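# predicted coordinates and the sequence they were generated for:
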Amino acid sequence: MSEKHISSAVIKRLPRYYRYLGDLLENEVVRISSKELSERMNVTASQIRQDLNNFGGFGQQGYGYNVEHLYKEIAKILGLENEHSVIIIGVGNLGQAIANYHDFKKRGFVLSGLFDVNPDIIGKVVNGVTVKHTDELAEFIKENDIDIAAITVPKEKAPKIALEVSNLGVKAIWNFAPTDLKLPDSVIVENVHLADSLMRVSYSINARNKSKKDD
Ligand code: NAD
């Protein structure tokens, strides 16, 4: 199953299924039909069936999906059954907000270290973790098996620090700095840009205003 190529569009939709199924579980829903799931998620039932068939289905004709089973299977696919250690580099506004977001821990992302260069921030405790100087990064990464480094430093500092931690053996970079990073192929890079999302909102407002004018 793991050898099969799964399109990135499907992978993109999986966290959303996972979130909805998690909510259903919290509400003690035992099973759900693809029709019901589709109505809740505003995705067509055939899209849901197609997506989940990539992983062998999990549904049963006339029964629908067992919520807990599907939730666990998607967790496996997303690699969420194992914990992931995360460090954050740049503990300013965004770095602190991420460090304080408790839902990540619920999903198995463990905040292992915080790093900055500002003496006013070093030594501060955020969500139980003391901020260290970036001079300590090499030793810290050597001693702790770090999966993910969140990069929340100013844009111009990001390429150097991202390359440094990649060379130190971090498996993935979760990049928030608005810049493209050139890193070895062995390192996974996920860029997160809230401004891009906001611009899509702007586009939709614009398009709606235009169509109202044309009516
Ligand atoms: P900030 O100034 O509050 O925080 C930046 C922190 O990085 C500071 O604490 C600073 O001391 C530290 N820093 C500077 N150089 C460093 C280095 N070489 N090593 C380690 N730490 C270093 O800024 P912010 O508002 O938190 O934004 C941080 C970054 O995130 C910026 O690049 C910003 O553009 C970006 N950002 C991205 C999004 C997004 O949606 N992707 C949203 C907001 C901000």
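On my side now, so go ahead.

# neighbours of residue 145, how many?
Applying other Cβ atoms under 10 Å, we find 12 other residues in the vicinity of residue 145. In this view, the C-beta of every residue, glycine as well, is placed from N, C-alpha and C.

# okay but it is in contact with residue 84, surely?
No: Residue 145 lies out of contact with residue 84 (Cβ atoms under 8 Å); the separation is 10.0 Å.

# ok, now which ones touch the residue nearest to residue 80 when sequence neighbours are not counted?
The shortest distance from residue 80 to any non-neighbouring residue, by Cβ to Cβ, 6 or more residues apart in numbering, is to residue 108 (5.4 Å). If you count contacts by Cβ atoms under 8 Å, 6 or more residues apart in numbering, residue 108 has them with 80-84.

# run the last query once more with 7 Å
Contacts for residue 108 (Cβ atoms under 7 Å, 6 or more residues apart in numbering) come out as 80, 82-84.

# could you measure it against residue 147, distance?
10 Å (Cβ to Cβ, to the nearest Å).

# what do you get for residue 40?
Taking Cβ to Cβ, one finds residue 40 at 32 Å from residue 147.

# which among the contacts of residue 108 end up buried?
Of the members of the contacts of residue 108, the ones counted as buried by neighbours, 16 or more other Cβ atoms under 10 Å, are 80, 84.

# and the longest strand for the protein?
In terms of residue count, the longest strand belonging to the chain (DSSP state E) is strand 109-116.
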